[in-house]
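# Sharing a model that was predicted from the sequence below.
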Amino acid sequence: MSFKAPRGTKDIYGEDIFIWQKVEGILREICERFCVSEIRTPVFEQTELFQRGVGETSDIVTKEMYTLEKKGSESVTLKPEGTAGAARAFVENSMYADPQPTKMYYITPAFRYERPQAGRQRQFHQFGVEIFGSCDAACDAEAISIAYEALNKIGVKNIELKINSLGGNECRKRYNEVLKDFIKNNISDLCGDCRERFEKNPLRVLDCKNEKCGNILENAPSVLDCLGEECKAHFEALKTNLDNMGIPYTVDPKIVRGLDYYTKTVFEFVSNEIGSQGTVCGGGRYDNLIGECGGPQTGAVGFAMGLERIMMLVKSQKLIEFIGKNIDIYIGSIGEKGFLKAQSIGYELRKSGICAEYDTLKRSVKAQLKYANKINAKYSVVIGENEVLNDSINLKNMKESSQEEIKLSDIKEELLKRI
Ligand code: HAM
């Protein structure tokens, strides 16, 4: 019997995990500087949280959720994104009673039953930030500044920030009518998904990737023309704030996002170097979600970055150089006595912060030294019965192919002097 990883999932190891850990390190460091604390929420949540939060008309809820039904217990769903769980945690743990804003970040796997392709998986990973407790555009700009700094610090090039505003409930109602009016004459030319969206949530028609639909919607009216005074001012304030921080953007009224919870600001960071799945980061404001989750009316804004897509760019733009294992010393051994000494010394060295490796496969000395070379050990020794008896050993510098005799009992001090 042989097994395969499920379709749309990937093992991350070797050179890849090296890059992942570097990127995650950068993200965590940035969050620290921007005063954002980590939150870890469960990988699964009550199904209803996503239905109400992400929205009944979104593709995620209608087609893509991994829902688990267990006899006698409530329906739960593997998280398709991080925002709903963060909002639930904010309410359930009464974080709204703390001094605001509450700023949290997560690095989490997420699950969507989608057709896998480059940059689109069924299990993928998101780095997300959520800021709760303010309706001010300054928070939208702050969220964007975190994503912008993250991309810059990782070093990703040729990324464009696009911003838009979907307005509040009233603006949305107004725009839906205007858009429906525009679409109705061409409705029969739209794809099946769009015809359905036309009925349930016309705005989402703008999000269709179908070329024919795109052509029809090319000259669709702009949502920005339907914003009320307050939403217009909010969007202007966002632009002023971004200009103030020197963050470049373009306004794109076609950005509507695929999730239902957004109000006012929406934004995306897009690359055209990784194929059709070019959105590396998406986010926006969602002022109704905390209320939906049973909490007090609370302003909220955030984003999530798709880490697989970031890694694609890191690799294609060669941003992080892979450095293999950093091994200070390889301790070879001959015979059981030699092995036991290698093991006890190896353990001692490791405890004192030295990266040491010794043979546990009981290979020949020749094979052990070949391995030491392969793993790029800086130094090596070979311990046999004589070395133990005489308390003397040859410390070999693997790079320079030189060696010197030292006392075996002084190996730690001798190494610390050299590395
Ligand atoms: P989203 O646009 O659905 O938004 O996902 C955010 C990012 O996750 C996308 O831009 C993309 O990079 C990545 N992503 C999504 N689906 C996949 C997939 N199947 N495979 C690989 N990467 C994927 C959200 O999830 C919102 N929760 C963002 C947010 C946070 N809004 C406010 N706060």
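On my side now, so go ahead.
# For the chain, which residues are neighbours of the ligand?
Listed as neighbours of the ligand in the chain under the rule CB under 6 Å from any ligand atom: 81-83, 112, 114, 119-121, 124, 126, 128, 130, 258-259, 279-284, 286, 302-304, 306, 308-309. C-beta coordinates here come from the backbone N, C-alpha and C atoms, glycine included.
# one more time with 5 Å, if that's ok
Proximity of the chain to the ligand, by CB under 5 Å from any ligand atom, involves residues 81, 83, 112, 114, 120-121, 124, 279, 282-283, 302, 304, 306, 308-309.
# Okay, and which of those map to strands?
Judged by DSSP state E, the residues of the chain next to the ligand include 124, 279, 282-283, 302, 304, 306 as members of strands.
# that older thread, from the residues of the chain next to the ligand, pick the one nearest Asn394.
Closest to Asn394 out of the residues of the chain next to the ligand is Glu308 (47.5 Å), distances taken as CB to CB.
# Next up, the contacts around the closest one.
Listed by CB atoms under 8 Å, 6 or more residues apart in numbering, the contact partners of Glu308 are 10, 119, 121, 124-125.
# Just the buried ones from those?
Neighbour counting over the contacts of Glu308 (16 or more other CB atoms under 10 Å) leaves 119, 121, 124-125 as the buried ones.
# so how far is the ligand from Glu357?
Distance, Glu357 to the ligand, using CB to the nearest ligand atom, to the nearest Å: 36 Å.
# Could you double-check that that residue sits in contact with Ile375?
Yes. With contacts counted by CB atoms under 8 Å, Glu357 reaches Ile375, the gap being 6.5 Å.
# Need the overlap of contacts for the two.
With CB under 8 Å, 6+ apart as the test, Glu357 and Ile375 both reach 327, 330.
# between these two, which one's more packed in?
Glu357 (22 against 12; other CB atoms under 10 Å).
# Pull the contacting residues for the more buried one.
By CB under 8 Å, 6+ apart, the neighbours of Glu357 are 327, 329-331, 346, 372, 375, 377.
# any idea which of those residues is closest to the ligand?
Ile375 (33.2 Å; CB to the nearest ligand atom).
# how about that closest one, what does it touch?
If you count contacts by CB under 8 Å, 6+ apart, Ile375 has them with 324-325, 327, 330, 357.
# next one: Leu259
54-55, 58, 60, 81, 83.
# Kindly report the same for Phe132.
Here Phe132 is in contact with 87, 90, 95-96, 100-104, 290, 298-300 (criterion: CB under 8 Å, 6+ apart).
# In a markdown table, list those residues along with secondary structure, pLDDT and neighbour count.
Below are the contacts of Phe132 laid out as a markdown table (DSSP: H, G, I helix; E, B strand; the rest coil; pLDDT from 0 to 100; neighbours: other CB atoms under 10 Å):
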| residue | secondary structure | pLDDT | neighbour count |
| --- | --- | --- | --- |
| Ala87 | helix | 98 | 26 |
| Phe90 | helix | 98 | 24 |
| Met95 | helix | 98 | 19 |
| Tyr96 | helix | 98 | 16 |
| Gln100 | coil | 98 | 15 |
| Pro101 | coil | 98 | 21 |
| Thr102 | strand | 98 | 22 |
| Lys103 | strand | 98 | 21 |
| Met104 | strand | 98 | 23 |
| Ile290 | helix | 98 | 22 |
| Thr298 | coil | 98 | 24 |
| Gly299 | coil | 98 | 20 |
| Ala300 | strand | 98 | 28 |
